[in-house]
Structures are given as C-alpha cells and as structure tokens.
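# any chance you can model this:
(one chain, ligands or ions: 1)
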Amino acid sequence: IKAVDVIADIFDRIEKTESKIDSFVSLRKEGALEDAKNIDEKVAKGEALGALAGVPVALKDNMVSYNEPSSSCSKILDGYIGVYDATVVKKIKESDAIIIGKTNMDQFAMGSSTVTSCYKKTKNPWDLERVPGGSSGGSASAVAAQQAIITLGSDTGGSIRQPASFCGTVGLKPTYGRVSRYGLMAFASSLDQIGPFTKTVKDAALCMNVISGSDDYDSTVQDVEVPDYTKFLTGDVRGMKIGVPKEYFVEGMKPEVEKAVRDAMVKFQEMGAEIVDISLPHTKYGVSAYYIIAPAEASSNLARFDGVRYGHRSENYKGVEDLYVKSRSEGFGDEVKRRIMMGTYVLSAGFYDAYYKKAQKVRRLMKEDFEKAFEKVDIILTPTAPSAAFRLDDEKTPLEMYLEDVFTIPVNMAGLPGISVPAEIVNDLPVGIQLVGKPFGEGDILKAADAFE
Ligand code: GLN
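All right, here's what the predicted structure looks like:
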C-alpha cells in the first residue's frame, strides 16, 4: 500500500466523523499528503524506512511543532505557531510517521473531561452524549474513532489512562524520565510525561520504541537503554506476580469497575499468573497531595504567559502591570485560574510548610509504598478510573472532577509507568484496567497488557 492512500483514507474518515466527535483542533492535510508522497518516493528509490513509516499520528495540542499551531487549547495561546519541534515530534518525524494534526484537550491539561478546552467539546465515539475523558480527550477519541492510528497525549495525574479507559483504547504513561518533555507545554514538571494512545498493545510498544530515550534538551530524561518493547509481547505471563492493592477497592466504587478488575484477576490467574494481595496505605492522601503539588508547579510554569511574549494580549490596558493582569484575566480559563490561585497560595510564605512541604512528604511516603510492594510483585493491577465515561451534561463540581484520578495519581506521584488496557464493555461503554510497573518496567506492563488484550 502507498502512504498517500493511507493518508487520503484517514482524512476521508476524519471528514466523515469529525463533525460528530470533534477530536481535532487543527489538521494538516496538505502537509501530511506531501509527507506521504516523500515516503512513497523513498520506497520507490529503495531507501530504508523508519519504524513507523506512513503511520498517521496526531499530537495533543500542548506539543510544540515547527510552523504548526499549538495552544494547549487556551485562549492565551490562541494563534501561537511553533518555532521548533518538541523532541517527541522530532522522533516521530524521524520514524517516518506522518503527523496529521493536533487534538483537543482540557486547557493546559487541567481537567478530566476535555470540556475546559477554549475551542470545543469532544464527544466520546461510543456515545456522543458522553465525555471522552481528559485531559487528552481528543487524542483518545481520535484513536477510538479510527481518525488516527497513534496519538500522543500527556499524563500528569491520569490524562492518558483515564481517557483511554473511557474510549476503549490502550493508553500508556511511561516512567518519569523515559520520554523527553522538551517542547511539551509544562503543567506540573515533576509529574508530566508524554505517552501513546493506540488500538493495540503492540502499537503502543512500537511507539515507545520511537519516543523513548535520552535527550540533550531535557535533563530529567534518564540514560536508561531503550529495549525493543515488542520483544516483551510473548503472551506468556506464567509465574508473573501481580499485586492487587486493597486500598483501591473503595466504597462507592462503581460495579462495572469492580467487575472489570475482578474478572481481570481471574483471567490473569487462568493464564498462569499469581495474584498477590498488597497494601499501598498512603493511597488515600494521593488526590489531596496532588492538588497541592500540581497547582504549585503550574502556578510557576504559567507565569511565563504574560501577554507580551506569546499569544493573547489584551487590547486596552494602561501600563505594563495592567497589561499582565488583563491579558491573563482574559486569556486563562476558570480552571486554570483556580489552579494558579491554589498554587500561589500553597507556596506563599507562612503556608509553605503547612501545605507544600507536607505534600512533598506524603509524596515520598506514597513512593515508598510502591517500593515495598514491588519487593513482592512484578506489576500491580488496579482500576483505571472510578467509572465508565460520564455524560457531558453531568455537571460535576471541581472536587468531583478531581476524584476522577484517585487510581492514577499515585502512579505519577511515584514516577512509575502505568498502562490502561480495555477490559470490558458494560452497558455499551468500555471500561479499562490499569497495570503499573516498576521504574522503567514498561516492558513488564506491556507484556501483561498484551497477554490480557
Ligand atoms: N485530571 C487531573 C488534573 O486535572 C490530571 C490531568 C493530567 O493528567 N494532565 O490535574
């Protein structure tokens, strides 16, 4: 098959479905067809091709790419055109994959339903009255609706795994330090990681082969060898020890979610794995500590948006201070403002020890919980999200929305890899399970996810 035909087909699919789903905030049809032509020419000349040659890939709108728009779906960056490629973008291009556009997201990746985007609401392809999850909702819905084969998302507290669960796709958040964040618009720098959404576990492994590894532009990426992740996909999980933490079976848990995890335990046992009871005692503090640490970092990261250097600038202002205040007031959405206020509050003199420092201590304890558990088990099995996709008209309070990530946040706090893999379809909606690995144990969770799938 020709790359141009693949790209023409995918845009055909997008044109047929996009008006209902709204996965994308920008598309680059001509550029993609041009890229495809170049790939076909390479083939004709017998030149070597990259690992993802001709594969249509979409990026979350918070990833900068040269000469293309990127706004984190915030009015404050509306119209911003990238002046360089993020490292993941560079690696995707080098693999000969073809970038088809940018996907919708919660503004600055703050949210769990993609409704805080300044542009539009993305619909869940399984039920157009439901949310795709968030914050990487457009990346999840694009894969689910076959508008792209691979999409990239970012995950600070669950933003890849929860939408993957809601949309019935695979979604992987790598170990902190596995994938470069250079060119990812920062939300909470100590928690953010980029990872793939795919239909199959194998595609996730292929994508990880391409995007992982060290980078001169991000010193938090660790110089750990990148294995061929497809080599882990043997289908054999005999003898694997899978921990199930008792703290993740919470009261009020939705029956569909509990069922998905219990059925998965049985399935893994039938495949020869061993289920081990474990405890992660500090889980209950995860959401609270996260909503101190993540806003604190966000308030600092978002200080750069001042209406001067990029994006939206207020039209009538008196003096420079007024310019900052008006540009930021007009440019940032409500949820972003809420985070900035929380963040500056917890970092302010007099409150720092009571909030920020304490949250850092909790984070350490959560990390130690996992370290202890991993002395006994190879991977950990949990629910991904507390429910299946909820309705778009379901008016959740900020706190209810924050609780969407109870099962995913601890994984970011500990910097571990986590994957959500589709488990069941209950009442016509997909439900995922989460598998968590040791640091740089992406291979283990891919192996188990592949055997499970
Ligand atoms: N829903 C969480 C938040 O709003 C996590 C978002 C994310 O992972 N980017 O902060």
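# can you give me the offset of the biggest helix by length in the chain from its chain's centre?
Ranked by residue count and defined by DSSP state H, the top helix of the chain is helix 3-21. Remark: helix 3-21 is offset 23 Å from the chain centroid, using Cα atoms, centre = their mean, to the nearest Å.
# which residues are contacting it?
Helix 3-21 is contacted by residues 24, 27, 29, 32-33, 35-37, 39-40, 43, 53-56, 98, 100, 122-123, 125, 128, 141, 145-149 when judged by Cβ atoms under 8 Å, 6 or more residues apart in numbering. For every residue, glycine as well, the C-beta is placed using N, CA and C.
# in helices, which of these fall?
29, 32, 33, 35, 36, 37, 39, 40, 43, 141.
# what about the nearest residue to residue 421 once chain neighbours are set aside, neighbour count?
Ranked by Cβ to Cβ, 6 or more residues apart in numbering and with sequence neighbours excluded, the top spatial neighbour of residue 421 is residue 449, at 4.2 Å. Here the number of neighbours of residue 449 (other Cβ atoms under 10 Å) works out to 27.
# just the one 3 residues further on next, same as before
Taking other Cβ under 10 Å as the neighbour definition, residue 452 ends up with a count of 21.
# bridged to the residue nearest to it when sequence neighbours are not counted, which residues?
Leaving aside its sequence neighbours, residue 452 sits nearest to residue 421 (Cβ to Cβ, 6+ apart; 6.0 Å). Residue 421 has the following beta-bridge partners by DSSP bridges: residue 433.
# contacts only, for residue 421.
By Cβ under 8 Å, 6+ apart, the neighbours of residue 421 are 170, 201, 432, 433, 435, 449, 452, 453.
# and the closest residue to the second one other than its chain neighbours, helix, strand or coil?
Closest residue to residue 201 apart from its sequence neighbours, by Cβ to Cβ, 6+ apart: residue 450 at 4.1 Å. Reduced to three states with DSSP: H, G, I helix; E, B strand; the rest coil, the structure at residue 450 is helix.
# residue 450 and residue 229, how far apart?
Residue 450 sits at a distance of 10 Å from residue 229 (criterion: Cβ to Cβ, to the nearest Å).
# what residues are shared contacts of these two?
Going by Cβ under 8 Å, 6+ apart, residues that sit against residue 450 and also against residue 229 are residue 205.
# did I read that right, residue 197 in a strand?
Yes: per three-state DSSP, residue 197 lies within a strand segment.
# just the contacts of residue 421 now: which is nearest the ligand?
The ligand lies nearest to residue 432 out of these, by Cβ to the nearest ligand atom, at 15.2 Å.
# how many neighbouring residues does the closest residue to the closest one other than its chain neighbours have?
In space, and not counting its chain neighbours, residue 432 is closest to residue 165: 3.2 Å by Cβ to Cβ, 6+ apart. Residues contacting residue 165 under the criterion other Cβ under 10 Å number 33.
# helices or strands up against the helix or strand residue 165 falls within?
Here residue 165, judged by DSSP states H and E, is contained in helix 161-167. Helices and strands touching helix 161-167, as assessed by 3 or more Cβ pairs under 8 Å, 6 or more residues apart in numbering; DSSP states H and E, comprise helix 137-144, strand 170-173, strand 418-426, strand 429-436.
# so which of those is the most packed in?
helix 137-144 (a mean of 34; mean count of other Cβ atoms under 10 Å).
# ok, the following helix or strand past it: who's next to it in the sheet?
Following helix 137-144 in sequence order, the next helix or strand is strand 150-155 (DSSP H and E). Neighbouring strands of strand 150-155 in its sheet, by DSSP bridges, are strand 56-60 (parallel), strand 193-198 (antiparallel).
# save those as JSON lines, and put in mean pLDDT, distance to the ligand and mean neighbour count too.
Listed next are the strands paired with strand 150-155 as JSON lines, based on pLDDT from 0 to 100; distance: least, Cβ to the nearest ligand atom, whole Å; neighbours: other Cβ atoms under 10 Å:
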{"stretch": "strand 56-60", "mean pLDDT": "98", "distance to the ligand": "10", "mean neighbour count": "29"}
{"stretch": "strand 193-198", "mean pLDDT": "98", "distance to the ligand": "9", "mean neighbour count": "29"}
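# so what's the gap between stretch 144-152 and the chain middle?
Distance, centroid of stretch 144-152 to centroid of chain: 14 Å (Cα atoms, centre = their mean).
# out of the ones in helices among the contacts of helix 3-21, which touch the ligand?
Among the ones in helices among the contacts of helix 3-21, no residue lies close to the ligand (Cβ under 6 Å from any ligand atom).
# which one (most neighbours) among these?
That'd be residue 141 among these, by other Cβ under 10 Å, with 33 neighbours.
# isn't that one right up against residue 121?
No: using Cβ atoms under 8 Å as the test, residue 141 is too far from residue 121 to be in contact (10.8 Å).
# name the residues contacting each of these two.
Contact with both residue 141 and residue 121 is made by residues residue 22, according to Cβ under 8 Å, 6+ apart.
# follow-up on the earlier one: quick one: contacts for the residue nearest to residue 432?
So residue 165 contacts 133, 171, 384, 385, 388, 420, 422, 430, 431, 432, 434 (Cβ under 8 Å, 6+ apart).
# and the nearest residue to residue 81 once chain neighbours are set aside, how many neighbours?
Distance criterion Cβ to Cβ, 6+ apart; nearest residue to residue 81, sequence neighbours excluded, is residue 69 at 5.8 Å. Neighbour count for residue 69, taken as other Cβ under 10 Å: 18.
# just residue 30 next, same as before
For residue 30, the count of nearby residues is 8 (other Cβ under 10 Å).
# and it, how far is that from the ligand?
Computed as Cβ to the nearest ligand atom, to the nearest Å, the residue 30 to the ligand distance reads 31 Å.
# residue contacts, that residue?
Applying Cβ under 8 Å, 6+ apart, we find residue 30 in contact with no residue.
# kindly state the pLDDT recorded for the residue of the stretch 251-400 of the chain found nearest the ligand?
Using Cβ to the nearest ligand atom, the closest approach of the stretch 251-400 of the chain to the ligand is made by residue 294 at 5.4 Å. Per-residue pLDDT puts residue 294 at 98.
# for the spatially closest residue to residue 249 that is not a sequence neighbour, helix, strand, or coil?
Nearest residue to residue 249, sequence neighbours excluded (Cβ to Cβ, 6+ apart): residue 258, at 6.7 Å. When classified by three-state DSSP, residue 258 comes out as helix.
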